[in-house]
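Undergrad: Below are the sequence and a predicted model for it; my questions follow.
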Amino acid sequence: MRGERRSGVALVAAAATLWGGWALVLRPAGLPPMQFAFTVLLVMAAPLPFTLRAEPWRDRGAVAALLLLGAAEAANVVLYFAAIARGPVAVAVLTHYLTPLLVTLASPWVTGERASRRALVAAPVSLAGLALLVWRPGAGAPLVTAALGAGSAAFYAVIVFAARRAGRSFRPLEVTAWHALVSVALLLPLGARVLPPAAPATALVAAGALVCGVGGALLFYRGVGLVPPPVAGALTYLEPLTAAAVGWVAFGEAIGPAGLAGAALVLAGGVAVALEG
């Protein structure tokens, strides 16, 4: 059991790290965020022909969780990128990463598992560290942006729980492909706002989606079944931490002393939760 927990921690941490590298694809491609997200979901749905098994569909609870996962992913994408579009980005990112705190607080009621004491402490500590990492002096906190970001956080929390339930019967590749198909179907009515152009930029995004999208999802859906939801939630803070590091190294975005202190808090919270007995 302890070995499975370590594997789960490593898998979720690796997934969050991959997701933190999206800027390496998003910025060079230059696609609008909604088109970017839709392209990624299309690529994630591509493995469907390799997931045609009858057995998991007999588990009605897993099927319901899979449908809920797809719907939550679509809502998460719409709200999160709407928050980023409105700006400031710092407010959007900070409120979006209320997710681990929501997962930690809801887990005892949703799953019936014993609350992780370290996760209860690590979630707000990591949130404070994230605030230091992404906040910029003089940036405002528009209520609409904050509400959109917090809404995306709520749906991201649903994703954590739904993925864990769906993973009891569906394999990680199946969860990845089928939930993406549900998300694509729900986003299609948005029409031209989400449909990407036939351009090299779209091909670049598709290639990145194979690594960060499909690869990250496979790691996450495998790992989330091996650790309690609060642990998985706390480890997702590695995503914005990685994104900040990518911005610093690849795009020359300075972090500063406060940001470095925030990064240390994020890492400390994740390590503390991961090493809990």
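TA: That came in fine, so what should we check first? Numbers count the residues shown, from 1 in each chain.

Undergrad: Next one: the residue of the chain most remote from its centre from Ser169, what distance?
TA: Distance from the centre of the chain peaks at Ala54, with 28.4 Å (CA atoms, centre = their mean). Distance, Ala54 to Ser169, using CB to CB, to the nearest Å: 11 Å. Every C-beta, even on glycine, is put in place using the N, C-alpha and C of the backbone.

Undergrad: Hmm, Phe36 and Arg193 touching each other?
TA: No. If you go by CB atoms under 8 Å, Arg193 and Phe36 don't touch, sitting 11.8 Å apart.

Undergrad: quick one: which of the two has more around it?
TA: Phe36 (24 against 12; other CB atoms under 10 Å).

Undergrad: The more buried one contacts Ala206, correct?
TA: No. Counting by CB under 8 Å, Phe36 stays clear of Ala206, with 10.5 Å between them.

Undergrad: Give me the spatial nearest neighbour of Leu79, chain neighbours excluded.
TA: Once flanking residues are discounted, Leu79 sits nearest to Ser152: 3.9 Å by CB to CB, 6 or more residues apart in numbering.

Undergrad: C-alpha coordinates for the host helix or strand of Val175, CSV please?
TA: Under the criterion DSSP states H and E, the helix or strand holding Val175 is helix 172-187. Provided in CSV are the C-alpha atoms of helix 172-187 (Å, rounded to 0.1, in the frame of the first residue of the first chain):
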residue,chain,number,x,y,z
PRO,A,172,-6.5,5.7,-17.7
LEU,A,173,-6.5,5.9,-21.5
GLU,A,174,-10.2,5.2,-21.5
VAL,A,175,-10.9,8.0,-19.0
THR,A,176,-8.7,10.3,-21.0
ALA,A,177,-10.4,9.7,-24.3
TRP,A,178,-14.0,9.3,-23.3
HIS,A,179,-14.2,12.3,-21.0
ALA,A,180,-12.5,14.5,-23.7
LEU,A,181,-15.2,13.4,-26.2
VAL,A,182,-17.9,14.5,-23.8
SER,A,183,-16.1,17.8,-23.3
VAL,A,184,-15.8,18.3,-27.1
ALA,A,185,-19.5,17.6,-27.6
LEU,A,186,-20.5,20.1,-25.0
LEU,A,187,-18.2,22.8,-26.5
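
Undergrad: Can you pull out the residues in contact with it?
TA: 37-38, 41-42, 44-48, 50-51, 53, 56, 66-67, 69-71, 73-74, 77-78, 163, 166-167, 170, 194, 214, 217-219, 221-222 (CB atoms under 8 Å, 6 or more residues apart in numbering).

Undergrad: can you check stretch 204-224 too?
TA: Here stretch 204-224 has contacts from 7-16, 18-19, 21-22, 24-26, 28-29, 31, 36, 39-44, 46-47, 160, 163-164, 166-167, 172-173, 175-176, 196, 232, using CB under 8 Å, 6+ apart.

Undergrad: Stretch 63-83 too?
TA: Taking CB under 8 Å, 6+ apart as the rule, stretch 63-83 contacts 33-34, 36-37, 41, 56-57, 91-92, 95-96, 145, 148-149, 151-152, 155-156, 158-159, 162-163, 165-166, 170, 175, 178-183, 185-187.

Undergrad: Only the buried residues of it, if you could.
TA: For stretch 63-83, burial by neighbour count (16 or more other CB atoms under 10 Å) applies to 63, 65-66, 68-83.

Undergrad: what distance separates it from the middle of the whole chain?
TA: With CA atoms, centre = their mean, to the nearest Å as the basis, stretch 63-83 stands 11 Å off its chain's centre.

Undergrad: State the mean pLDDT of that stretch.
TA: Averaging pLDDT along stretch 63-83 yields 91.

Undergrad: got it, and stretch 111-130?
TA: 79.

Undergrad: Only alpha carbons, please: show that stretch as PDB.
TA: Provided in PDB are the C-alpha atoms of stretch 111-130 (Å, rounded to 0.1, in the frame of the first residue of the first chain):
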ATOM      1  CA  THR A 111     -15.400   9.900  -0.200                       C
ATOM      2  CA  GLY A 112     -15.800   9.200   3.500                       C
ATOM      3  CA  GLU A 113     -12.100   9.000   3.900                       C
ATOM      4  CA  ARG A 114     -10.300  10.300   7.000                       C
ATOM      5  CA  ALA A 115      -9.100  13.900   6.500                       C
ATOM      6  CA  SER A 116      -5.400  14.300   5.800                       C
ATOM      7  CA  ARG A 117      -4.100  16.600   8.600                       C
ATOM      8  CA  ARG A 118      -1.100  17.600   6.600                       C
ATOM      9  CA  ALA A 119      -3.200  18.300   3.500                       C
ATOM     10  CA  LEU A 120      -5.500  20.500   5.600                       C
ATOM     11  CA  VAL A 121      -2.500  22.600   6.600                       C
ATOM     12  CA  ALA A 122      -0.600  22.300   3.300                       C
ATOM     13  CA  ALA A 123      -3.500  23.500   1.200                       C
ATOM     14  CA  PRO A 124      -3.800  27.100   2.600                       C
ATOM     15  CA  VAL A 125       0.000  27.300   3.100                       C
ATOM     16  CA  SER A 126       0.500  26.400  -0.600                       C
ATOM     17  CA  LEU A 127      -2.300  28.900  -1.600                       C
ATOM     18  CA  ALA A 128      -0.400  31.600   0.300                       C
ATOM     19  CA  GLY A 129       2.800  30.600  -1.500                       C
ATOM     20  CA  LEU A 130       1.000  30.700  -4.800                       C
END
